[in-house]
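Asks: When you get a sec, could you give me coordinates for this:
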Amino acid sequence: MARGGAHRCQMAGRAMAATVVRRDGAVAVVAVGGEIDVQTAGRLRADLLTLIDGGHIHLVVDFEAVRFCDAAGLGVLVAVANRLREKGGTLCLARVRPAQRRILRITRLDELFPTYDTVDEAFQH
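Replies: Numbering: from 1, shown residues only. Purely as a prediction, here's the structure:
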């Protein structure tokens, strides 16, 4: 992902965009929008891992514009959270829709990456 840039992935009518909206030392905030599924999850994974490789070991993923996230998307979040944990970092989610929060709670993934109502709350984590 280009510095401060965005990546868009569009396949079969599905679109996903990831944009770095804030950086401060080891923390980066990434706004994600669209659908995270088997066709777009790889792009999101690559973007987040690029940030980690660039020294951003505390990531906040803003989910406000995510319309859909399937098991492939959850798998990306788990893989990224695991990589961050290896480096002493964290992954937090902000502005997750109620239906998606329910899925995180049911799968107990909310224990792996906490969710916050606002980006600022997650950023302060």
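
Asks: you'd agree residue 35 is in a helix?
Replies: No. With the criterion set as DSSP: H, G, I helix; E, B strand; the rest coil, the secondary structure at residue 35 is strand rather than a helix.

Asks: got the contact list for it?
Replies: Contact partners of residue 35, counting by C-beta atoms under 8 Å, 6 or more residues apart in numbering, are 14-16, 66-69. Every residue, glycine included, has its C-beta placed from N, CA and C.

Asks: just residue 65 next, same as before
Replies: Residue 65 makes contacts with 31-34, as judged by C-beta under 8 Å, 6+ apart.

Asks: Please identify which pair of the residues you listed lies farthest apart.
Replies: Spatially, the most separated pair among these is 31 and 34, at 10.8 Å (C-beta to C-beta).

Asks: how close does the residue nearest to residue 48 when sequence neighbours are not counted get to residue 98?
Replies: Beyond its immediate neighbours in the sequence, the residue positioned closest to residue 48 (C-beta to C-beta, 6 or more residues apart in numbering) is residue 80, lying 4.7 Å away. With distances taken as C-beta to C-beta, to the nearest Å, residue 80 is found 23 Å from residue 98.

Asks: between those two, who's got more neighbours?
Replies: Neighbours per residue (other C-beta atoms under 10 Å) separate residue 80 from residue 98, with residue 80 holding more: 22 against 6.
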